[in-house]
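In: No sequence on hand, only this structure:
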DNA sequence: ACCAAGATAGTAATTAGTTACTATCTAAAT
DNA sequence: ATTTAGATAGTAACTAATTACTATCTTGGT
């Protein structure tokens, strides 16, 4: 779990990447609010001051981390849904992919939540909030498509369904966070989604098959 | 929003209560991780050092706050569900009462989440986690009752339904936290619960009436 | 091919500002 | 008069950021 005795002297770009990864790893076990520059440096076998050769300040580190998380998450979700024509199945694929990502990177949601709780609008927070918006838009589109395609029941409250979709994931994360067992998410996710699906689907005709998780 | 120019010299018990309330108020607008003893003192027109006349350390303050939140929340939920024979309606009442409580005290969930994110098991964290367990047990009981009474559909995944119930609330909270508008919860809650209800109910016979929120 | 010269990446020590917590004194209330 | 609650003025520990210096790559002129 600890950092390898890093052969020092990395090129700048790479060092920045290593830094971001170090933060993500640290966040998996440490309260993000308590992650100090010293802790980051130590985890990557570096002196504290050296970090500031690559980032102008701590906020810039967080910004880079949020960007990393956002890009990876979105890419994974995008890929999970691509090539699936059924909106409902797309939603399920996104759902499971999202859960899988979080289980792989438990630090990610913790940092997101930690960041969003801050009162002042830091650049990192703006990134996080922007990502959420993008996500919501995508979900909304799929719901709309599902409705016109007849998969979702016609009187469905669009906005509420989107809120519940995202909220469900966040709830799952929180539950696992509390239980201290991120792996639980992987098994809980399909079961929970099944109920959500029953709540939005047009009728109970097709018993869901609980498709495999990639 | 600020504290009244407190006529000083309060008896110890009362001062402790005022302190707890000050923290809850502060948490509504400030990142709980950044709430310093100085900030608490300032918000209640007191010097920082004076706080330690009433609490042995900061952790004790958090502990008192978590206790306060837990008791108030549980009492409100308990009261909301009492006298309702239908488990499904009880669940709805609990749901709305919970949301209402959070909307009244936006600081509460922020502190809970903040506390639960910490790696080390502080007394405050133990309180929070214990409260969650108690809550989950109650939900589980109602779901079980709803099943035997025929209100919930028989093949329902008990555990997943409980997770989703709590998760849904947490998700709503998160959404509002991000949007920076806690009032949104009040209007969103019934709409979101309607979908949840459709997911767990035995069939779509009775259109939900969206009972009034107390 | 070589090697001076600059750029690059790192160390170690230090600084200014916070933070939780404490010791000592003062005023009010019973 | 004594106890209680608060004010004042600290301290030690910690954190982000800076500085002076060093080791190591990279490169262009010969």
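Out: Okay, I see it. None of these values were measured; they are calculated from a predicted model.
In: ok, and the closest non-adjacent residue to residue A:198?
Out: Distances taken as Cβ to Cβ, 6 or more residues apart in numbering or on different chains place residue B:199 nearest to residue A:198, at 4.4 Å, with adjacent residues excluded. Just so you know, the C-beta spots here come from the backbone N, C-alpha and C atoms, and that holds for glycine as well.
In: Where does the one you found sit, in terms of helix or strand?
Out: helix B:184-200 (DSSP states H and E).
In: Show me what counts as buried in that helix.
Out: Of the residues in helix B:184-200, B:185-186, B:188-200 count as buried by neighbour count, 16 or more other Cβ atoms under 10 Å in any protein chain shown.
In: interface residues of chain A facing DNA strand C?
Out: In this structure, chain A approaches DNA strand C at residues A:8-12, A:15, A:45-50, A:53-54, judged by Cβ under 7 Å from any atom of the strand.
In: How about stretch A:163-175 and chain B, any contact?
Out: Yes. Using Cβ under 8 Å from any Cβ of the partner chain, stretch A:163-175 reaches chain B at A:163-164, A:166-172, A:174-175.
In: Would the helix or strand bottoming out on mean pLDDT in chain A count as contacting chain B?
Out: Across the helices and strands of chain A, mean confidence by mean pLDDT, DSSP states H and E is lowest for helix A:107-117: a mean of 87. Yes. Against chain B, helix A:107-117 shows contacts by Cβ under 8 Å from any Cβ at A:110, A:113-114, A:116-117.
In: could I get the residues you listed as a markdown table with neighbour count?
Out: Shown next, in a markdown table, are those (neighbours: other Cβ atoms under 10 Å in any protein chain shown):
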| residue | neighbour count |
| --- | --- |
| A:110 | 24 |
| A:113 | 22 |
| A:114 | 25 |
| A:116 | 18 |
| A:117 | 25 |
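In: Between those residues, which sits nearest DNA strand D?
Out: residue A:114 (12.9 Å; Cβ to the nearest atom of the strand).
In: could you point out the longest helix in chain A?
Out: helix A:123-148 (DSSP state H).
In: State the mean pLDDT of stretch A:146-166.
Out: For stretch A:146-166, mean pLDDT rounds to 96.
In: what's the span of that stretch, first residue to last?
Out: 17 Å (Cα to Cα, to the nearest Å).
In: which of the residues in that stretch are buried?
Out: For stretch A:146-166, a neighbour-count test (16+ other Cβ under 10 Å) marks A:146-147, A:151-152, A:156-157, A:160-166 as buried.
In: got the angle for the helix or strand residue A:92 falls within vs helix A:184-200?
Out: Per DSSP H and E: residue A:92 is located in helix A:87-104. Counting by axes from the mean of the first three to the mean of the last three Cα atoms, to 10 degrees, helix A:87-104 points 160 degrees away from the direction of helix A:184-200.
In: Taking helix A:107-117 as reference, get the angle to helix A:87-104.
Out: 100 degrees.
In: how about the residues of chain A next to DNA strand C, which pair is most distant?
Out: Greatest spatial distance among those (Cβ to Cβ): A:11 and A:48, at 20.3 Å.
In: neighbour-wise, which of those two wins?
Out: Of the pair residue A:11 and residue A:48, residue A:48 is the one with more neighbours under other Cβ atoms under 10 Å in any protein chain shown, namely 13 against 8.
In: pretty sure the more buried one is touching residue A:41, no?
Out: Yes. Under the criterion of Cβ atoms under 8 Å, residue A:48 is in contact with residue A:41, at a separation of 4.5 Å.
In: Can you pull out the low-pLDDT segments for chain A?
Out: The model of chain A has pLDDT under 70 over residues A:1-7, A:204-214.
In: And the residue of it closest to DNA strand C?
Out: For chain A, Cβ to the nearest atom of the strand, closest residue to DNA strand C: residue A:49, 2.9 Å.
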